[in-house]
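> I would like to see how this sequence folds:
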Amino acid sequence: MKGLFKVALARWLARTPIGLAILGAGWFLGRQRRRKQEEQERRRSPLGRRRAARGRRR
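The predicted structure is shown next:
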């Protein structure tokens, strides 16, 4: 139900330029928040440094 609401809200907001700006800002802030959470989880884990090194791209 929550996913359906998100899709309906995104489609409604995407109809206008201001809505697209709001969607873009929300996407950007959500992305930053997820990255912070992942970084904190890596720091808590004793194997976090090893896992982080494996996931790095060259």
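
> now Lys2: how far from Leu9?
Distance of Lys2 to Leu9, given as CB to CB, to the nearest Å: 11 Å. Where you see a C-beta, it was placed from the backbone N, CA and C, and this is true even at glycine.

> these two: who's more crowded?
Comparing Lys2 with Leu9 by other CB atoms under 10 Å, the one with more neighbours is Leu9, at 13 against 6.

> host element of Arg15?
Using DSSP states H and E, no element contains Arg15; it sits outside every helix and strand.

> could I get the pLDDT score of it?
pLDDT for Arg15: 94.

> looks like Ala14 contacts Leu23 (just checking).
Yes: contact criterion CB atoms under 8 Å: Ala14 and Leu23 qualify, at 6.4 Å.

> phi and psi next, for Thr16.
In terms of degrees, to the nearest 10, the main-chain angles of Thr16 are phi -120, psi 160.

> report pLDDT for the one residue sitting closest to the centre of the chain.
Among the residues of the chain, the one closest to the centroid is Arg31, at 2.8 Å (CA atoms, centre = their mean). Predicted confidence (pLDDT) for Arg31: 93.

> begin at 607, not 1, for the rest of this chat.
Renumbered: residue one is now 607, and that last one reads Arg637.

> helix, strand or coil for it?
With DSSP: H, G, I helix; E, B strand; the rest coil as the basis, Arg637 sits in helix.

> could you check how far it is from Ser651?
Distance from Arg637 to Ser651, by CB to CB: 22 Å.

> same question, Gly630
Gly630 sits 32 Å away from Ser651, going by CB to CB.

> before we move on, what about Glu645?
11 Å.

> with Arg641 instead?
Arg641 is 16 Å from Ser651, by CB to CB.

> packing partners for the helix or strand harbouring Gly609?
Here Gly609 is covered by helix 608-619, with elements defined by DSSP H and E. Packing partners of helix 608-619 (3 or more CB pairs under 8 Å, 6 or more residues apart in numbering; DSSP states H and E): helix 623-650.

> run the chain-centre distance for the helix it packs on.
Chain-centre distance of helix 623-650: 4 Å, with CA atoms, centre = their mean, to the nearest Å.

> that one to helix 608-619, inter-axis angle?
Counting by axes from the mean of the first three to the mean of the last three CA atoms, to 10 degrees, helix 623-650 lies at 140 degrees to helix 608-619.
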